[in-house]
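**Q** Make a model of this:
(one chain, ligands or ions: 1)
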Amino acid sequence: MSAYCSSRFSTIRRHSREVLIGDLGVGAKNPIRIQSMTTTNTQDVDATVKQAIALAEAGCEFVRITAPNKTAARALKDIHSQFRAAGFDTPLVADIHFLPSAAMEAVEHVEKVRINPGNYADNKKFAIREYTDDQYNEELQRLYDGFSPLVLRSKELGRAMRIGTNHGSLSDRIMNRYGDTPLGMVESALEFLRIAESHSYREIILSMKASNPKVMIEAYRLLVDRVNDEDMFYPLHLGVTEAGDGEDGRIKSAIGIGSLLMDGLGDTIRVSLTEDPVFEIPVAQALAQKVMASWSELDQDPVEPDSIDPYHFQRRSIATFDLAASKSVGVEAPPTVITRTPFELSQYEALETVLAKANPKLKDTPIEGLCIEVRSIGDLRHIETLWKRIGDKVAFLVLEIPQNIDLESLSAALPHSKLPLALLRDFEADAFNPYKRFLRICFDFDAIPIVGLTPNVSDGICSEPADNLIVTLNSQVQATAPDHRIGSYRQLAERLNHWRNPSPLWIRNLDTDDSKAPSFLNRLLDASILSGSLLCDGLGDLISIETDRDLTRATKLAYNVLQGAGARISKTEFVACPSCGRTLFDLQSTTQRIREKTGHLKGVKIAIMGCIVNGPGEMADADFGYVGGAPAKINLYVGKDCVQYNIPQAEADQHLVDLIKEHGKWVDPEPVEA
Ligand code: SF4
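**A** Numbers count the residues shown, from 1 in each chain. As a prediction, this is how the structure comes out:
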């Protein structure tokens, strides 16, 4: 099932041909290249050159610049020469939508042109909804005639090209035949790729971006499966579109880009943030470095492929049971958040104070399971007192029982009062007797058993399903296997599935031996890559971020990763384009303002897009859209339908709020406590 990559358990880089952009190679043995895009008006040559220099100085290896029309495309000539005169040899890339004339001009001046197969030489009218085969072929001929001149000129000038498909921005032809699906995205690129190949032009890079990481991951996997079948080894450009800003933008990008990179796919990346594009560079560099450190020399996977269908999301089938009075696990329940505390069991007063402070900040993202390591058997005498002090602040307790506490002592020391308890213990794969003894103890004390296992068990404990059992990865494995913990969890899930063991899986984000006090960005990226990849594969029913000792931060990060992966919605979802030279208003301040007004609307998806050229198509499945219609004028959307045109920007925020109210999705924000 995993024809898209050589291994889902190690990072074996996909074989690709080298494409030169100017003198810089992408794909093959080259490192992962970092790129970004200017947000200035392209016709403002000075401002664009200045921003291109700032990006190059920050480490951006290609700078993309929008060319929304022929005049802007002409300005690329001056931008290019001034940028070179300033001493920068970073290749420049023109970003084209709709206009072949702009592409034909741009290709004269820059090293690479990006076209969007959803709109290049195509109008979106929906005049015909069902194409006959003849009509479809006529369309392809029209495409051939429209696209060939750019291919031939690119070939003549030695320029590279990106065929960059975006979800939500597909041609009528593709939409009618394949829908707005990953398959439609792939077919859309293949139409153009075949034309380019018919001219023996192969300096091509491919991309399949979407704002939803799950859609994006599936589209890239499908693309690779298809092009590999046809021996087309073009490099891949990875990105999540409209990821937004701040922590959420970084998380979504890391989930989409990171999980593909960890499967060996991807040769150049852009982390699109609704911020100054210079801020994108360190995030992209950190992502690339993490993955390049994981590249394996293997060219063949020693492990059997797993049975997950990588092209269609489906959550793993698991047992349903209660963790506490109001908290259960199961396919219908969103993943549970567990927060680990660095406090000891005896420190209940301090813990009570910390939780009392944290809880108001965690109103919509509560601590559900609180995990505490039992450091000595004597600690257990404090459990009842601890629960009395904090039982109203968390749903249940997870006690981590280290190996130096033997099971007999554990049994003797646990309290007999009924508390919502889970007990976590690591086991070797074949430690049947201790495992059974542990289950018996949990059963006697009405506690949920959680076992940490090694990933590669072919038999052993996975073959012995037990009621209400939760499974996670052995903490030693996690500490010593930083290179591909995604693969370790996949292997564990595969063994559970093999033995029809429906135990829910707990994804633990733990420090590794080489973590060495990682920065917040690194913790965020690590958690997003590991948890996000697994969640997008339908794996993971409990999640904890244990790399941050701050309870509030760790809990929020867990919820944000769940939201980024679309696994649990705990707040308003914002989809915001990164802005470019087409942008008609200040995206950063507008996004902030709208976030302040609507950030309490849990589950509502709001898109803030800089222009009507691409905005409506690319905001995909948003409930409401706020889109630049003309300078200082906003168009408002409900779903894909534009319902208000050209609202003066000063009034548009209120109109958006009114629209949300009209559609019954508004609730008043709770008053802020003094
Ligand atoms: S939607 Fe945003 S990033 Fe995309 S073209 Fe329009 S302004 Fe540029």
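
**Q** CA atoms for contacts and neighbours, from now on please.
**A** Will do.

**Q** any low-confidence regions in the stretch 201-350 of the chain?
**A** 300-302 (pLDDT under 70).

**Q** where do the helices sit along it?
**A** 213-229, 246-262, 280-292, 348-361 (DSSP state H, counting those that start in this stretch).

**Q** Pull out the buried positions in the shortest one.
**A** The one in question is helix 280-292. By neighbour count on 16 or more other Cα atoms under 10 Å, the buried set for helix 280-292 is 280, 281, 282, 283, 284, 285, 287, 288, 290, 291, 292.

**Q** How about the first one?
**A** Neighbour-count burial for helix 213-229, counted by 16+ other Cα under 10 Å, picks out 213-228.

**Q** Chain neighbours aside, what residue packs nearest to the closest residue to the ligand within the stretch 151-300 of the chain?
**A** Taking Cα to the nearest ligand atom, the ligand has its nearest neighbour within the stretch 151-300 of the chain at residue 242, 7.7 Å off. When the adjacent residues along the chain are set aside, residue 242 lies closest to residue 577, with 4.0 Å between them (Cα to Cα, 6 or more residues apart in numbering).

**Q** ok, the one you found to the ligand distance?
**A** 5 Å (Cα to the nearest ligand atom, to the nearest Å).

**Q** ok, now residue 467?
**A** 50 Å.

**Q** Tally up the residues packed near that residue, please.
**A** 15 (other Cα atoms under 10 Å).

**Q** Now do the same contact list for the spatially most central residue of the chain.
**A** What sits nearest the mean C-alpha location of the chain, by Cα atoms, centre = their mean, is residue 255, with 2.6 Å. Residues near residue 255 by Cα atoms under 8 Å, 6 or more residues apart in numbering: 213, 528, 529, 532, 533, 564, 565.

**Q** Report pLDDT for the second one.
**A** This points to residue 528. Residue 528 carries a pLDDT value of 97.

**Q** tell me which parts of this protein are close to the ligand?
**A** Neighbours of the ligand within the chain, by Cα under 6 Å from any ligand atom: 577, 578, 579, 580, 582, 583, 609, 610, 611, 613, 614, 615.

**Q** Any quick PyMOL command for the buried ones out of the residues you listed?
**A** In PyMOL, a selection of the buried entries from these looks like this (16+ other Cα under 10 Å):
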select buried, resi 577+578+579+580+582+583+609+610+611+613+614+615
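
**Q** what's the farthest-apart pair in the residues of the chain next to the ligand?
**A** 578 and 613 (14.2 Å; Cα to Cα).

**Q** what number of residues lie near residue 153?
**A** Counted with other Cα under 10 Å, residue 153 comes out at 14.

**Q** Checking it next. Helix, strand or coil?
**A** Of the three states, residue 153 takes helix under DSSP: H, G, I helix; E, B strand; the rest coil.

**Q** contacting residues around it?
**A** Residues in contact with residue 153 (Cα under 8 Å, 6+ apart) are 104, 107.

**Q** Quick check, pLDDT for it.
**A** 98.

**Q** same check, this time on residue 134
**A** Reading off the confidence values, residue 134 has pLDDT 88.

**Q** Now tabulate the contacts of residue 255 in TSV and tack on secondary structure.
**A** Formatted as TSV, the contacts of residue 255 follow (three-state DSSP):
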residue	secondary structure
213	helix
528	helix
529	helix
532	helix
533	helix
564	helix
565	coil
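
**Q** which of those residues lies closest to residue 604?
**A** residue 564 (13.9 Å).

**Q** For that closest one, which non-adjacent residue is spatially closest?
**A** residue 252 (5.1 Å).

**Q** And that neighbour, how far from residue 497?
**A** 28 Å (Cα to Cα, to the nearest Å).

**Q** Please say which of these two ends up with more neighbours.
**A** Taking other Cα under 10 Å, residue 252 and residue 497 do not tie; residue 252 has more neighbours (35 against 20).

**Q** how about residue 447, what does it touch?
**A** Counted by Cα under 8 Å, 6+ apart, residue 447 has contacts 419, 420, 421, 422, 423.

**Q** same thing with residue 585?
**A** Taking Cα under 8 Å, 6+ apart, one finds 610, 628, 631, 632 in contact with residue 585.

**Q** circling back: can the helices of the stretch 201-350 of the chain go into a markdown table with extra columns for distance to residue 406?
**A** Shown next, in a markdown table, are the helices of the stretch 201-350 of the chain (distance: least, Cα to Cα, whole Å):
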| stretch | distance to residue 406 |
| --- | --- |
| helix 213-229 | 43 |
| helix 246-262 | 38 |
| helix 280-292 | 38 |
| helix 348-361 | 24 |
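
**Q** residue ranges for the helices of the stretch 401-550 of the chain, please.
**A** Under DSSP H, counting those that start in this stretch, the stretch 401-550 of the chain gives helices at 407-413, 432-444, 475-480, 485-498, 520-527, 533-536.

**Q** For residue 205, find the nearest of those.
**A** Judging the helices of the stretch 401-550 of the chain by Cα to Cα, what sits closest to residue 205 is helix 533-536, at 23.7 Å.

**Q** Who are the packing partners of the closest one?
**A** Judged by 3 or more Cα pairs under 8 Å, 6 or more residues apart in numbering; DSSP states H and E, helix 533-536 is in contact with helix 246-262, helix 485-498.
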